[in-house]
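sequence and predicted structure are below.
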Amino acid sequence: MRVLHVNQRAGFFGGVERILHDTAASLAVDGWPQALLHEDVDPDARFTGPFEIAASDPEIVDRFQPDIVLVHKTGQPEKTDSLTHTRPTARMVHDHDLVCLRRHKYLPVSGRVCDRAAGRSCYTNLCFVQRSAPGSVFPIAFRGLYAQRREMASNRAMRRYIVGSRWMREQLEKNGFPAGRIDVVHPIPRVLEGLQPFAPSGQQEILYVGQVIRGKGVDLLLRALARLDRPWRTTIVGDGNHLQACRDLASELGIGDRVRFTGWVDHEALGAFYSAACFAVVPSRWPEPFGMVGPEAMARGRPVVAFSAGGIPDWLADGVSGLLVPPGDVQGLAAAMGRLLADPGLAAHMGQAAARQVRNHLSHRGYLDSLKRSLEATQ
């Protein structure tokens with residue numbers, strides 16, 4: 001089958017591009033020709049390698065003659081309209097942008113997860129008030145629902161929707177997308193196949209890996225750490241626009257001497273941090289569409305403590321490969337972390353179970369086979 005991918009970027013910019021590149025490369029190995037329609041003025045040759053053709057010109061459709069179009073993310077959704085009506089088209093919904101005015105799926109004032117369809121509540125909860133683009137005269141901007149509803153209406157004409165978790169399927173259904181055309185396919189990158197589990201560390205070391213932005217909840221993790229009544233140390237690996245605020249919060253809470261902020265670390269260098277850790281924490285405030293950091297920790301033999309937000313329960317088996325806590329429950333997060341710190345044997349047992357779960361149920365091959373079935377059903 002000939003697959004034309006549609007994505008705004010043609011480079012390694014984030015998780016969307018990571019799974020897109022892995023998908024195209026693996027499908028090409030399986031004998032499915034791949035092409036990419038993008039919007040980048042300077043595409044990365046390393047990224048475009050798996051594609052027979054990669055271009056920003058819509059004429060790529062006539063040149064490549066795809067059997068199916070797979071839309072990922074686009075800054076110009078109107079460009080996909082003609083494709084939807086002329087070719088079998090599926091949409092891989094990687095995040096909340098399609099159904100959420102704020103794109104984050106948590107409320108700006110309370111921080112609670114939003115479980116409602118786009119509509120009146122977007123206004124009553126002030127989700128229409130947003131930060132202005134860099135360089136704007138005013139610090140805030142207002143965004144209405146017209147464009148959101150228009151894009152959703154356009155996407156409803158597609159034949160199939162591929163989402164990473166049950167949570168994402170529920171959100172599409174609530175926004176009027178037909179349940180029978182939504183497939184849950186866990187997006188597992190190839191890198192997971194090369195990870196080997198470490199032996200238990202025996203240390204009271206807690207690890208966070210990921211972006212340090214408000215939606216990732218590092219501030220909630222710090223507040224939970226301040227409630228622990230036993231020895232611990234924490235390493236926070238990552239960078240982002242909430243980093244300095246989190247540094248300041250750690251000092252304010254009196255735990256700055258036990259929290260190490262490393263900043264950005266290359267993926268190849270993460271092994272040493274996982275090796276030293278007793279367990280990893282995923283304290284996300286926003287409901288993760290799927291969330292790959294947790295499975296990466298599990299593949300390395302580390303249990304995960306996490307809020308049960310969004311797609312996290314799809315990969316974290318509570319009491320087996322880690323511990324789930326109600327979203328935003330700081331005291332519950334502290335209690336779960338304290339439980340594993342107090343019982344290294346339990347942490348080790350859960351870490352072994354986590355590695356088995358990844359090996360048996362969260363493989364890139366399994367993802368690819370499920371995706372191929374969805375694409376074949378789209379024709």
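Structure's in. What do you need? Numbers count the residues shown, from 1 in each chain.

drop to CA atoms for contacts and neighbour counts, all remaining ones
Will do.

give the buried residues for the longest helix out of those in the chain.
Longest helix in the chain, counting residues (DSSP state H): helix 344-361. Across helix 344-361, burial judged by 16 or more other CA atoms under 10 Å covers 344, 346-359.

could you pull up the mean pLDDT of it?
For helix 344-361, the mean pLDDT works out to 97.

what residues are up against residue 15?
Applying CA atoms under 8 Å, 6 or more residues apart in numbering to residue 15 gives no contacts.

one more: residue 312?
288-291, 306.

pull the most distant pair out of the buried residues of helix 344-361.
344 and 359 (22.7 Å; CA to CA).

what comes up buried for stretch 194-212?
195, 197-198, 200-201, 204-212.

first-to-last residue distance for that stretch?
Its first and final residues considered, stretch 194-212 spans 26 Å by CA to CA, to the nearest Å.

before we move on, back to that, and the contacts of residue 312, which two are the farthest apart?
289 and 306 (14.1 Å).

which pair of the buried residues of stretch 194-212 spans the longest distance?
Taking CA to CA, no two of these sit farther apart than 200 and 212, at 26.4 Å.

quick one: contacts of the strand or helix carrying residue 244?
Following DSSP states H and E, one finds residue 244 within helix 243-252. With contact meaning CA under 8 Å, 6+ apart, helix 243-252 is reached by 212-213, 218-219, 222, 256-257, 259, 261.

most neighbours among the residues you listed, which one?
In terms of neighbours by other CA atoms under 10 Å, those top out with residue 218 at 26 neighbours.

isn't that one right up against residue 212?
Yes. Assessed by CA atoms under 8 Å, residue 218 is found in contact with residue 212 at 6.5 Å.

on that earlier part again, tell me how far the helix holding residue 244 lies from the chain's centre.
Relative to its chain's centre, helix 243-252 lies at 25 Å (CA atoms, centre = their mean, to the nearest Å).

following that helix, which helix or strand shows up next?
Per DSSP H and E, the first helix or strand lying C-terminal to helix 243-252 is strand 259-263.

who are the packing partners of whichever helix or strand comes after that following strand?
Downstream of strand 259-263, the first helix or strand assigned by DSSP H and E is helix 271-276. If contacts are counted by 3 or more CA pairs under 8 Å, 6 or more residues apart in numbering; DSSP states H and E, helix 271-276 sits against strand 205-209.

what's the strand it packs on packed up against?
On a contact count with 3+ CA pairs under 8 Å, 6+ apart, strand 205-209 meets strand 233-237, helix 271-276, strand 279-282.

so which of the ones you listed gets nearest residue 183?
Proximity to residue 183 (CA to CA) singles out strand 279-282 among these, at 25.2 Å.

gap between stretch 174-181 and the chain center?
Worked out by CA atoms, centre = their mean, stretch 174-181 lies 21 Å from the chain centre.

swap in stretch 247-266?
On CA atoms, centre = their mean, the centre of stretch 247-266 falls 24 Å from the chain's centre.

buried stuff in that stretch?
Neighbour-count burial for stretch 247-266 [16+ other CA under 10 Å]: 247, 249-250, 255-256, 258-259, 261.

okay if I get those as TSV plus distance to residue 130 and pLDDT?
Shown next, in TSV, are the buried residues of stretch 247-266 (distance: CA to CA, whole Å; pLDDT from 0 to 100):
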residue	distance to residue 130	pLDDT
247	25	98
249	24	98
250	27	98
255	32	98
256	32	97
258	35	98
259	32	98
261	29	98
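
and those residues as TSV, adding distance to residue 61?
Output for the buried residues of stretch 247-266, formatted as TSV (distance: CA to CA, whole Å):
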residue	distance to residue 61
247	49
249	52
250	53
255	57
256	55
258	55
259	52
261	47
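
domain ranges for this structure, per the record?
Domain ranges of the chain: 3-99+145-188+364-378, 194-361, per automatic domain parsing.

go through the ones you listed and pick out the most buried.
domain 194-361 (a mean of 20; mean count of other CA atoms under 10 Å).

that one: end-to-end distance?
End-to-end for domain 194-361, by CA to CA: 15 Å.

swap in stretch 190-207?
23 Å.

list the contacts of the helix or strand harbouring residue 306.
Assessed by DSSP H and E, residue 306 sits inside strand 304-307. With CA under 8 Å, 6+ apart as the test, strand 304-307 has contacts from 279-285, 294, 297-298, 312, 316, 321-329, 333, 336-337.

what about that strand, average pLDDT?
98.

what's the answer for stretch 41-54, then?
The model assigns stretch 41-54 a mean pLDDT of 96.
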